[in-house]
Each structure stands twice: as C-alpha cells, then as structure tokens.
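Q: Dropping a prediction and its sequence here:
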Amino acid sequence: MGFIIKKIIGYSLTPVPICLVLMAAGLVLLWRTKRQRLGKVLITVAFVLFLAFAYGVAGEPVIRALEQSYPPFDESTRVSAVVVLGGAHKDSDRVPATSCLGDASLVRLVEGIRIYRMQDDCTLVVSGHGVGAVMGQVALGLGVPEEDLVIEADARDTAAEAAFMRQFVGDRRFALVTSAYHMRRSMALFRKQGFDPVAAPAGYMFAGDRTIDVGTFFPGWKGIMRAERAHHELLGLVWSRFRGQI
C-alpha cells in the first residue's frame with residue numbers, strides 16, 4: 001500500500017496534473033463564486049506553466065544537468081557483471097517481447113548487452129518488478145547465453161533494486177546501466193548499499209547541443225515529457241534523501 005501511495009503522490013505532483021488542478025480551481029472560482037480575480041489568476045498561472053513545460057523551459061535545464069552527472073561508459077573498462085535497471089513495460093502475449101518494453105527499458109537493455117559483449121567472463125543482470133522477466137526474454141532472444149543471464153524480477157523501485165543486488169553480484173565490479181537522467185539517483189542509492197558501480201548511462205534525451213528548427217517554435221509533448229521526467233527525478237532525489245536512502 002505504501003508503494004502505491006508513493007506512486008499516486010508522485011504522479012499527482014507532475015506538470016500536467018498540477019496545471020489541470022490549477023485550471024480546475026480557477027474555473028470553479030469563476031463560475032461558482034464571486035472570487036473572479038483569483039480564478040483568473042489561477043487560470044493564467046496554469047496556462048503560463050503549461051507553456052513553460054511544453055516549450056521545455058522548465059524541464060530541459062534539469063534534464064541536461066542530470067544527464068551530465070556521469071560520462072558515458074569507457075569501453076576500455078573491465079567489469080565482471082552488468083546490471084540493467086528496468087523501466088516501464090506492459091504484459092502481452094500478442095506482440096513480441098521487444099514491443100512489451102518501454103522505450104527506456106529497451107534502450108537500457110541494448111546498452112547493457114553492448115557492454116556485456118565487450119567483457120570476458122561477464123554476467124548480465126536484468127532487474128525490476130515484472131520488467132526483469134521481459135528484459136530477460138529479450139536478452140535471450142538477442143543471443144545472451146542463459147548461463148550468463150540473471151533475472152531479478154521482484155524489486156519495485158530503484159532503492160529496492162540496490163538493496164537486493166548483493167545476492168546477485170556479491171563483491172564483483174559491475175557496470176550500472178540506466179537512463180542518463182536517472183543515473184545520479186541510481187548511483188547514490190547503490191553507493192548507500194556499499195557498492196561502487198561503474199556508471200553506464202543510456203538513452204540520452206540530449207545527445208548534443210540544442211538545434212533550432214521549425215518545431216522549436218511550437219509547444220509539444222516532448223517538452224512536457226522532459227518536464228515530467230525532471231520532476232520525477234527531483235522528487236525521487238528529495239524522497240530518497242528524506243528516507244535516508246542516499
């Protein structure tokens with residue numbers, strides 16, 4: 001129950017719900033009370049915030065800063081295990097396993113397999129409640145030998161993954177693969193558990209300098225998505241610090 005409550009609170013504090021709540025409150029004040037001025041202010045604030053999110057003004061600087069926390073994996077680095085943290089997924093028997101993985105989960109797994117193939121005598125560990133089994137299925141389909149694959153499918157969040165990982169990697173040196181914007185929190189959580197992983201960020205939202213094209217002048221879903229990712233990570237960092245997990 002605590003996990004579900006945490007998720008509900010987390011999603012409630014993301015950009016779109018915040019804008020909708022402000023807008024709804026403003027409309028109620030406009031149509032049901034005499035506090036017209038306050039209603040107009042709330043609707044205006046909601047509109048300005050939505051534009052800031054949709055244009056990337058609010059989320060982009062945070063995501064860029066998070067993604068620059070650790071450099072890409074150095075291909076000359078030797079590790080004896082590669083740990084891939086899972087993300088979103090869906091369960092379905094009607095589509096290939098690759099289509100059941102969310103974009104973040106898929107790109108993390110691809111990077112994890114790429115690093116695994118660079119090593120000698122290496123173990124690939126895929127982790128995450130539900131998604132671990134799906135990633136394991138995809139990894140097998142992409143040629144990872146069953147004897148080199150370990151599936152952790154119980155941990156519901158990154159903190160639990162870090163707590164569970166000792167039984168899978170022991171004291172071995174390992175690469176930690178997750179989305180670049182998620183790497184700072186992940187590394188802090190694993191270090192709190194006594195690990196010293198090698199960061200292997202994947203799935204960069206900003207691979208280079210910002211380019212300007214026609215789409216730059218229009219609000220869009222990418223800006224909102226980045227703002228939501230930024231809010232999620234900042235809330236996660238605050239929550240982890242509050243719980244003493246980092």
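A: Structure's in. What do you need? All values reported here derive from a predicted model rather than from experimental measurement.

Q: List the contacts of Pro71.
A: Applying C-beta atoms under 8 Å, 6 or more residues apart in numbering to Pro71 gives the contacts Ala199, Pro201. To be clear about C-beta, it is placed using only N, CA and C from the backbone, and glycine gets the same treatment.

Q: try Glu146
A: Glu146 touches Leu140, counting by C-beta under 8 Å, 6+ apart.

Q: Relative to Phe164, how far out is it?
A: 21 Å (C-beta to C-beta, to the nearest Å).

Q: Could you do Gly220 as well?
A: Noted for Gly220: a distance of 38 Å to Phe164, by C-beta to C-beta.

Q: same question, Ala175
A: Separation of Ala175 from Phe164 (C-beta to C-beta): 17 Å.

Q: now swap in His232 and tell me
A: 22 Å.

Q: Which of these two has more residues huddled nearby?
A: Using other C-beta atoms under 10 Å, the more surrounded residue of His232 and Phe164 is His232, with 17 against 14.

Q: who does the helix or strand hosting that one touch, helix- and strand-wise?
A: Assigned by DSSP states H and E, His232 belongs to helix 221-242. Under the contact definition 3 or more C-beta pairs under 8 Å, 6 or more residues apart in numbering; DSSP states H and E, helix 221-242 sits against helix 2-12, helix 15-32, helix 36-54, helix 60-67, helix 183-192.

Q: could you give me the average pLDDT of it?
A: Averaged across helix 221-242, pLDDT comes to 90.

Q: for stretch 203-215, same thing?
A: Mean pLDDT, computed over stretch 203-215, is 75.

Q: How many neighbouring residues does the nearest residue to Tyr11 once chain neighbours are set aside have?
A: In space, Tyr11 comes closest to Pro17 once its chain neighbours are excluded; the distance is 6.8 Å by C-beta to C-beta, 6 or more residues apart in numbering. Pro17 has 12 neighbours, counted by other C-beta under 10 Å.

Q: Under the pLDDT cut-off, which ranges of the chain? List them.
A: 1-7, 10, 208-217 (pLDDT under 70).

Q: Would you mind splitting it into its domains for me?
A: Domain assignment for the chain, taken from automatic domain parsing, gives 2-65+219-242, 74-202.
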